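Undergrad: fold the following and give me the result.
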Amino acid sequence: MGAFGPRAKDIVDSASDTDIDVATVAVIYSHSFELNVGVFFGIAYRATSATGTPKIKIELEQSWTPPAAEGSADGNYKVPEGMAAIVASLADENWHIKSLSPIPFGYGRLKITGLGAPAANPADTIVNAKISAQENY
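TA: Residues are numbered from 1 along each chain as shown. Model prediction:
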């Protein structure tokens, strides 16, 4: 058994695109990713818009199984109780890096929500994210 990493991987949308579109107040789910061999996790994320300031919330949903359909709501995926949002109200275009502490379930995905107050998230908002893990094999 050995430790590998850290290794960063792009988080993509359901079409495997690294630019995740989050128009206005939409709720978007990233493609799921495995968390099985990770011990320590980090996440990097940013939101950009050509027409205004992005206004989004990013949460980690987790499950024991892959979703029935990537990019869609799934009753088996939940934000773990007591887990804070990765970011509750992002309103800039900078890269941010945070420690991430998922619970021990095998799969995760991002739930990204465009916020509507005080002004709506721009329709051309794009989110880019990477998950990094120190893995044990």
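Undergrad: how about Lys111, phi and psi?
TA: With angles defined as degrees, to the nearest 10, Lys111 sits at phi -110, psi 110.
Undergrad: who does it bridge with?
TA: For Lys111, the beta-bridge partners under DSSP bridges are Tyr29, Glu59.
Undergrad: what helix or strand is the closest residue to Gly52 other than its chain neighbours on?
TA: Leaving aside its chain neighbours, Gly52 sits nearest to Pro122 (4.0 Å; criterion: C-beta to C-beta, 6 or more residues apart in numbering). Any C-beta I mention is one placed from the backbone N, CA and C, and that applies to glycine too. Secondary structure from DSSP states H and E places Pro122 outside every helix and strand.
Undergrad: residues touching Pro122, list them.
TA: Neighbouring residues of Pro122 by C-beta atoms under 8 Å, 6 or more residues apart in numbering: Thr24, Ser49, Thr51, Gly52, Thr53, Pro54.
Undergrad: just the pLDDT for it.
TA: Predicted confidence (pLDDT) at Pro122: the value is 95.
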